[in-house]
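In: predicted structure and sequence below. I'll ask about it afterward.
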Amino acid sequence: MPDFDMELDARGLNCPLPILRAKKSINAMNAGQVLRIIATDPGSVKDFEAFCKQTGNELLATSQDGGEYQFNIRKS
């Protein structure tokens, strides 16, 4: 069983599209659910940190594998 409720594939998208798509996905989720985002934009690391601070959602995990970045965010 995956450790997330919804997955967003933002590979190939550049700022601000990964954040905008993540915001749309999180808005459709219930509090406590986890969104996993996969992105290729190196700037997304700082973008998602700032996004979580601004929105109050919790950045559970960040990882990098080659040129891909994964983020797990729990909706507050």
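Out: On my side now, so go ahead.
In: what's the pLDDT at Cys15?
Out: We have a pLDDT of 89 for Cys15.
In: measure how buried the closest residue to it other than its chain neighbours is and give me the count.
Out: Counting by C-beta to C-beta, 6 or more residues apart in numbering, the nearest residue to Cys15 once its immediate chain neighbours are dropped is Gly43, at 5.1 Å. From N, CA and C alone the C-beta is placed, and that goes for glycine too. Applying other C-beta atoms under 10 Å, we find 14 residues neighbouring Gly43.
In: next one, pLDDT for Gly43 please.
Out: What the model reports as pLDDT for Gly43 is 95.
In: do the one 10 residues further on as well
Out: Per-residue confidence at Lys53 stands at 97 (pLDDT).
In: other SSEs contacting the strand or helix carrying it?
Out: Lys53 is part of helix 44-55, with elements assigned from DSSP states H and E. Counting contacts by 3 or more C-beta pairs under 8 Å, 6 or more residues apart in numbering; DSSP states H and E, helix 44-55 packs against helix 17-27, strand 58-65, strand 68-74.
In: hmm, who's touching stretch 7-17?
Out: 18, 21-22, 25, 35-41, 43-44, 47, 68 (C-beta atoms under 8 Å, 6 or more residues apart in numbering).
In: ends of that stretch, how far apart?
Out: 15 Å (C-alpha to C-alpha, to the nearest Å).
In: and that stretch, what's buried?
Out: Within stretch 7-17, the residues scored as buried using 16 or more other C-beta atoms under 10 Å are 8, 10, 13.
In: pull the residues that contact the helix holding Lys53.
Out: Counting by C-beta under 8 Å, 6+ apart, 10, 15-16, 18-19, 22-23, 26, 37, 41, 57-59, 62, 64, 69, 71, 73, 76 sit against helix 44-55.
In: thanks again, I'm all set now.
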